[in-house]
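Prediction below, plus the sequence it came from.
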Protein chains: 2
Amino acid sequence: MKIDLHTHILPRDWPDLDAKYGYSGFVRLDHYKPCSARMMIGDRVFREITDNVWDPKRRIEDCDRDGVSMQVLSTVPVMFSYWAKPADALELSRRLNDHIAEVVRDHPKRFAGLGTIPMQDPDLAAGELERCVRELGLRGAEIGTHVDANQHSGRIDTLNLDNASLQPVWSAAQELDAAIFVHPWDMLGKERMPKYWLPWLVGMPAETCLAICSMIFGGVFERFPKLRIAFAHGGGAFPFTIGRIERAFHVRPDLVATENNTNPREYLAHDSTPARFYVDSLVHDADALTLLLKLFGPQRIAFGSDYPFPLGETTPGQLIESIKLFANEKRSLLSETAREFLRL
Amino acid sequence: MKIDLHTHILPRDWPDLDAKYGYSGFVRLDHYKPCSARMMIGDRVFREITDNVWDPKRRIEDCDRDGVSMQVLSTVPVMFSYWAKPADALELSRRLNDHIAEVVRDHPKRFAGLGTIPMQDPDLAAGELERCVRELGLRGAEIGTHVDANQHSGRIDTLNLDNASLQPVWSAAQELDAAIFVHPWDMLGKERMPKYWLPWLVGMPAETCLAICSMIFGGVFERFPKLRIAFAHGGGAFPFTIGRIERAFHVRPDLVATENNTNPREYLAHDSTPARFYVDSLVHDADALTLLLKLFGPQRIAFGSDYPFPLGETTPGQLIESIKLFANEKRSLLSETAREFLRL
């Protein structure tokens, strides 16, 4: 049994959103040749994709080839649209969530789903999370590592995940027993990274570490002890820098422990009940996964492949298969952790 | 024998540089009570420091207590002043370097030195590097992870370390057989990190990873194969994310391998001759150091403590002493790697 927590899906078609909403910046799909499309933002090609992004049959064929039992579907982070007008982002989210729910309904043994919610308006986001869980049967939501500044809401600051205004989302997630998967997007320092795809290589791990630190030091896990959160890409830079982070907590509590005086390392406890947070396994390196296992234990790490994108695993699950594990550890990594996280 | 590659020093006194140069932003020391001072930028307290920052005798006492044979002295990164007028930054650099050289001359068995060079003007920087090595007997220089945009030079972009304009520095370092120690500063995304000291915890490891990736993918190590570079804090986020970085190199060479088609993992080879790059040991976690050892090997990792700052090791060398090592590995980590890196 292999449950892939980290996969992305899009509908094959949606309306021209720039035209519909009257301002630009939304993604559209240009099906310029068979089985392929370009994700476009204005005239710019954001990414070339193939039909396994939108075609459930192609996905199931790939899963069968790779021995993946179930994919957890979430949107592509560029679709979050936290920068857009809240009502428009809500409408787009509903469209994407309805699509994911439909794919899951058509293939309930092969797919589970996480919705997207308009975090620029936490009350709307909480409402859509409730609809996702109660009406659509999704397991929770995928959210970004922060919420963009939003000209359409008149908000000029970018919000980290410790921002008090986001509490309606955490509160709803806890009440709904919904899983929240945090994926990096809109990477910090990207203006410093014009070459070599560095926003993806340096920016994403930093974003994820920033999100984890913000939630820990902002006391979010303390205020919402039943929240179930997982972070993509093995937690980004966090696992390797926990020593530095903990050291700072000890030596400069005046700077670090201003809102929560729990040692950040406590959030790594293997056996804490309730679980504090989860990470996926997508670190592309056996030694890094070994470090991750030592820190979090197999019950806090869920197999994730970033299917079907190239920075994901070629053969989903291969990294976990490549390292020496007891059978029960492997079972946790490949399916049981995801099952617990998602309440499957 | 323990050689601490990563320690910071300042002179006890220097003139009011804002007044001297006629514009603000320089650091001054306010000796407001015995054995303590405040580093001030304008009216803002940047950091409280104690006399072990400037007093060689106090440093030697601490070294004797901790069993440290030799400290490698470099300035505090906030002193780089890459934002200042080049001539002023050169003058300040010369002052700081003359001071370090004097401390080394007074205690040649206890201290070695790395200068600071005005990277905003690579020719001036190369010249000062030459003076540091040829006239002052320093082992090389400490530089930042990037060079700030500089209003005084009319340059609006921040330069990463792959920028072609920096080649005079690499060329000089290679010709002089000088060591270059890269320390994060002026952290990317700091506007996203208003709380919890996150520029130090998330920003610094990201900065260092950005610097390593820039030098690798920009082909700097290829063009200057005899360059000896070490990166602070165990290479920041790089060691844990090398899998992701290598994966990107394989799957999107069109984005990643635009200027260098060497696999980034090759720069980790334990036994490459010449050595590609070094890191210090300052990761504050035994499992992280173990991963670092697996990746780089003991001959590419040099003991560094960040003495005398609180985010450093309380007892310099303790982390290395805490892990199981063969005697020759321990010797490499504690002294031989630094000795080779610095040509001591």
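Yep, it's here.

Can you show me the strands along chain A?
For chain A, the strands defined by DSSP state E occupy A:3-8, A:27-33, A:36-41, A:44-50, A:70-74, A:111-116, A:140-144, A:146-147, A:159-160, A:179-183, A:228-231, A:278-280, A:301-302.

now A:E336, nearest residue through space, not along the chain?
Excluding the flanking residues, the one nearest A:E336 by Cβ to Cβ, 6 or more residues apart in numbering or on different chains is A:Q299, at 7.4 Å. Every C-beta, even on glycine, is put in place using the N, C-alpha and C of the backbone.

Just give the number of residues close to that neighbour.
Close neighbours of A:Q299, defined as other Cβ atoms under 10 Å in any protein chain shown, add up to 18.

Pull the contacting residues for it.
The contact partners of A:Q299, taken as Cβ atoms under 8 Å, 6 or more residues apart in numbering or on different chains, are A:270, A:275, A:332, A:336-337, A:340.

Give the other helices and strands that the longest helix along chain A contacts.
Longest helix of chain A, by residue count under DSSP state H: helix A:86-106. Using 3 or more Cβ pairs under 8 Å, 6 or more residues apart in numbering or on different chains; DSSP states H and E, the elements in contact with helix A:86-106 are helix A:17-21, strand A:70-74, strand A:111-116, helix A:122-130.

what mean pLDDT would you report for it?
Mean per-residue pLDDT for helix A:86-106: 98.

Give me the buried positions along it.
Applying a neighbour-count criterion of 16 or more other Cβ atoms under 10 Å in any protein chain shown, one finds A:86, A:88-94, A:96-101, A:103-104 buried in helix A:86-106.

Pull the residues that contact that helix.
Under Cβ under 8 Å, 6+ apart, the answer for helix A:86-106 is A:9-11, A:14, A:17, A:21, A:26, A:56, A:73-75, A:79-82, A:84, A:111-118, A:120-121, A:124, A:128, A:131-132, A:136-138, A:152-153.

Send me that helix as CSV with only the CA atoms.
What follows is helix A:86-106 as a C-alpha-only set of coordinates in CSV (Å, rounded to 0.1, in the frame of the first residue of the first chain):
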residue,chain,number,x,y,z
PRO,A,86,-11.2,37.5,-2.1
ALA,A,87,-14.5,36.8,-3.8
ASP,A,88,-12.8,35.9,-7.0
ALA,A,89,-10.3,33.6,-5.3
LEU,A,90,-13.1,31.9,-3.5
GLU,A,91,-14.9,31.3,-6.7
LEU,A,92,-11.7,29.9,-8.3
SER,A,93,-11.1,27.8,-5.2
ARG,A,94,-14.6,26.4,-5.4
ARG,A,95,-14.1,25.5,-9.0
LEU,A,96,-10.8,23.7,-8.3
ASN,A,97,-12.2,22.0,-5.3
ASP,A,98,-15.3,20.8,-7.1
HIS,A,99,-13.0,19.3,-9.8
ILE,A,100,-10.8,17.5,-7.2
ALA,A,101,-14.0,16.2,-5.5
GLU,A,102,-15.3,14.9,-8.8
VAL,A,103,-12.1,13.0,-9.6
VAL,A,104,-12.1,11.5,-6.1
ARG,A,105,-15.8,10.5,-6.4
ASP,A,106,-15.1,8.9,-9.8
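
re the thing from before, now the helices and strands packed on helix A:86-106 in JSON lines, please, with extra columns for distance to A:I3.
What follows is these, written out as JSON lines (distance: least, Cβ to Cβ, whole Å):
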{"stretch": "helix A:17-21", "distance to A:I3": "32"}
{"stretch": "strand A:70-74", "distance to A:I3": "5"}
{"stretch": "strand A:111-116", "distance to A:I3": "8"}
{"stretch": "helix A:122-130", "distance to A:I3": "21"}
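
Dump the ones you listed into a markdown table; add mean neighbour count and distance to A:V279 as well.
Putting these into a markdown table (neighbours: other Cβ atoms under 10 Å in any protein chain shown; distance: least, Cβ to Cβ, whole Å) gives the following:
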| stretch | mean neighbour count | distance to A:V279 |
| --- | --- | --- |
| helix A:17-21 | 16 | 33 |
| strand A:70-74 | 28 | 14 |
| strand A:111-116 | 27 | 16 |
| helix A:122-130 | 21 | 21 |
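
how about the ones you listed, which one is nearest A:L344?
A:L344 sits nearest to strand A:111-116 of all the helices and strands packed on helix A:86-106, at 6.3 Å, using Cβ to Cβ.

follow-up on the earlier one: can you add distance to B:D64 and mean pLDDT and give the helices and strands packed on helix A:86-106 back as TSV?
Formatted as TSV, the helices and strands packed on helix A:86-106 follow (distance: least, Cβ to Cβ, whole Å; pLDDT from 0 to 100):
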stretch	distance to B:D64	mean pLDDT
helix A:17-21	68	97
strand A:70-74	57	98
strand A:111-116	58	98
helix A:122-130	57	98
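
Surely A:D62 touches A:E313?
No - under the criterion of Cβ atoms under 8 Å, A:D62 is not in contact with A:E313, lying 11.7 Å apart.

and for these two, which residues touch both?
Common neighbours of A:D62 and A:E313, using Cβ under 8 Å, 6+ apart, are A:Y307.

Where does pLDDT dip in the stretch 101-250 of chain A?
Residues of the stretch 101-250 of chain A meeting the criterion pLDDT under 70: none.

Enumerate the residues of it near chain B.
Counting by Cβ under 8 Å from any Cβ of the partner chain, the positions of the stretch 101-250 of chain A adjacent to chain B are A:146, A:158, A:160, A:162, A:188-189, A:192-193, A:195-198, A:200-203, A:205-206, A:209-210, A:213-214, A:217-218, A:233-234, A:236-237, A:239-248.

Go through those residues and flag which are in helices.
Under the assignment DSSP H, these contribute A:198, A:205-206, A:209-210, A:213-214, A:217, A:239-248 to helices.

Only whichever of the residues of the stretch 101-250 of chain A next to chain B are buried, select them in ChimeraX.
Selection of buried members from these for ChimeraX, criterion 16+ other Cβ under 10 Å:
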select /A:146,158,160,162,188,189,192,193,196,197,198,200,201,202,203,205,206,209,210,213,214,217,218,233,234,236,237,239,240,241,242,243,244,245,246,247,248
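
end to end, how far does stretch A:215-235 reach?
13 Å (Cα to Cα, to the nearest Å).

Same check on stretch A:162-169?
Stretch A:162-169 has an end-to-end distance of 12 Å (Cα to Cα).

Give the buried residues for it.
Neighbour-count burial for stretch A:162-169 flags A:162-163, A:166, A:168-169 (criterion: 16+ other Cβ under 10 Å).

Let me have these in TSV, extended by distance to B:G317.
Below are those laid out as TSV (distance: Cβ to Cβ, whole Å):
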residue	distance to B:G317
A:D162	36
A:N163	41
A:L166	43
A:P168	49
A:V169	46
